[in-house]
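A.B. asks: have a look at this prediction, sequence included:
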Amino acid sequence: FTIDRFHVARDIQRIFRDHPRYRAIRKALAAYDGQKLLIELNSAVGTLEKESREERLEELIKQLEQYPEALGDYRKWLDEKGIDTEGMRAMGSAEATMRVFARRMKNGRSWVAEGMKAMMTGLIGHLDKLSLRTLIGQVETWTEEKEEK
């Protein structure tokens, strides 16, 4: 298994914003180097200004120390098993995509399940530049011209 990097990055940002070690910690996370990340986090213990941040840092270290290998890139593990990973995104990238969908779908609206599924299908089709067939059989095709409008 792998740990969701979005949440780890979010926790690191909340704990270390404006801290001199922040950049080195983020680099270790970005490099998928769990051991280096834990070394960086442990080296920052006792350097935070607020006690609440120190406590959150200790909780984060305790959580990550259980499975440091789970901070690696899952695509590397799949490659080693002979599974093609072309086109696969890094773990945590779905969070940003879901935020876009939530903002576009909600924006003060409420939906019934059927309407939500239809709208999501349309959004996904549009974002993936797919042709969509309506209930009356019309085909809507994405083009460069439509995007410019």
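C.D. replies: That came through fine.

A.B. asks: in this structure, what residue spans correspond to helices?
C.D. replies: With DSSP state H, the ranges of helices along the chain come out as 5-16, 22-30, 34-43, 51-65, 74-80, 93-105, 113-127, 144-148.

A.B. asks: dump those into CSV; add distance to residue 134, mean pLDDT and mean neighbour count as well.
C.D. replies: All C-beta spots, glycine's among them, are computed from the backbone N, C-alpha and C. What follows is these, written out as CSV (distance: least, C-beta to C-beta, whole Å; pLDDT from 0 to 100; neighbours: other C-beta atoms under 10 Å):
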stretch, distance to residue 134, mean pLDDT, mean neighbour count
helix 5-16, 36, 90, 17
helix 22-30, 44, 92, 16
helix 34-43, 49, 93, 17
helix 51-65, 48, 94, 14
helix 74-80, 37, 82, 13
helix 93-105, 20, 68, 12
helix 113-127, 10, 81, 13
helix 144-148, 16, 51, 8
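
A.B. asks: how near is the residue lying closest to residue 53 once chain neighbours are set aside to residue 57?
C.D. replies: The shortest distance from residue 53 to any residue other than its chain neighbours is 5.1 Å, reached at residue 15 (C-beta to C-beta, 6 or more residues apart in numbering). Separation of residue 15 from residue 57 (C-beta to C-beta, to the nearest Å): 5 Å.

A.B. asks: joint contacts of those two?
C.D. replies: Residues touching both residue 15 and residue 57 (C-beta atoms under 8 Å, 6 or more residues apart in numbering): residue 48.

A.B. asks: so who does the residue nearest to residue 53 touch?
C.D. replies: By C-beta under 8 Å, 6+ apart, residue 15 lies in contact with 48, 53, 56, 57, 60.

A.B. asks: residue 61 reaches residue 44, doesn't it?
C.D. replies: No - contact between residue 61 and residue 44 fails when scored by C-beta atoms under 8 Å: they sit 9.4 Å apart.

A.B. asks: was I right about residue 48 contacting residue 19?
C.D. replies: Yes - with contacts counted by C-beta under 8 Å, residue 48 reaches residue 19, the gap being 6.9 Å.

A.B. asks: rewinding a little: nearest to residue 87, of the helices of the chain?
C.D. replies: Set against residue 87 and scored by C-beta to C-beta, these come closest in helix 74-80, at 10.2 Å.

A.B. asks: starting at the chain centroid, how far to the closest one?
C.D. replies: In terms of C-alpha atoms, centre = their mean, to the nearest Å, the centre of helix 74-80 is found 18 Å from the chain centre.

A.B. asks: thanks again, I'm all set now.
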